[in-house]
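Chemist: Provided below for reference: sequence and predicted model.
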Amino acid sequence: DAKTTQPPSMDCAEGRAANLPCNHSTISGNEYVYWYRQIHSQGPQYIIHGLKNNETNEMASLIITEDRKSSTLILPHATLRDTAVYYCIVRVVTQGGSEKLVFGKGTKLTVNP
Amino acid sequence: DAGVIQSPRHEVTEMGQEVTLRCKPISGHNSLFWYRQTMMRGLELLIYFNNNVPIDDSGMPEDRFSAKMPNASFSTLKIQPSEPRDSAVYFCASSPRVAQYFGPGTRLLVL
């Protein structure tokens, strides 16, 4: 699996957009970019995933560069409840079903009042 | 939907005892995963099943750990005998294909 690099920590003001970067320079053509987050003492939560097009859902937007070597997760209006560790993961999705995810250290996002 | 259900939520046991963790996946999901999380090692995959069949158990630490999925709605992770280094939070996750949905976890403390 391609490796990912994320900053260990970031801060954001409540109500502002949080932009979390991820580098995945060795990503291959059939690997998807996934984002999960883990709020303290809870299980990880799926946020969004994409292959090469930008994606948006009710939680966030995912911007993937044209060369696919990096991506940015955008939380458009961060709230205190968005304080969590955010994980960027790249992984192949096969016909056989969901594949295992390898979690790195992620980015600890702190949303400040 | 109730989400992934895990039991017990907390378990304290003594070294050498058998521990059984239980998981009920979300109905209709065909993949199930067991993860372990510690401060030192982070979140690690132990084993995963597709359609009740174990696909990859390379993350299972040793023979003391075993996992079963007798049907689509139930899985167990057993540790026998337990050791203090097994203390961790154990998560179960299920997936319909792409996204994985995690349970609340079981906090295990082995004294």
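Modeler: Done, it's in. Not measured: the values here are computed from a predicted model.
Chemist: could you use CA atoms for every contact and neighbour count after this?
Modeler: Noted.
Chemist: what residues are up against residue B:81?
Modeler: B:15-19, B:64 (Cα atoms under 8 Å, 6 or more residues apart in numbering or on different chains).
Chemist: secondary structure class for it?
Modeler: Under DSSP: H, G, I helix; E, B strand; the rest coil, the three-state class of residue B:81 is coil.
Chemist: ok, the residue lying closest to it once chain neighbours are set aside - contacts?
Modeler: Nearest residue to residue B:81, sequence neighbours excluded (Cα to Cα, 6 or more residues apart in numbering or on different chains): residue B:16, at 4.5 Å. Residues in contact with residue B:16 (Cα under 8 Å, 6+ apart) are B:80-83.
Chemist: so what pairs up with residue B:37 in the strands?
Modeler: Note on residue B:37: beta-bridge partners residue B:43, residue B:89, judged by DSSP bridges.
Chemist: show me the contacts for the closest residue to residue B:77 other than its chain neighbours.
Modeler: Leaving aside its chain neighbours, residue B:77 sits nearest to residue B:67 (4.4 Å; criterion: Cα to Cα, 6+ apart). Residue B:67 makes contact with B:47, B:75-78, according to Cα under 8 Å, 6+ apart.
Chemist: chain center to the helix or strand of chain B with the lowest mean pLDDT, what's the gap?
Modeler: Lowest on mean pLDDT, DSSP states H and E among the helices and strands of chain B sits strand B:53-56, with a mean of 89. On the basis of Cα atoms, centre = their mean, to the nearest Å, strand B:53-56 sits 13 Å off its chain's mean C-alpha point.
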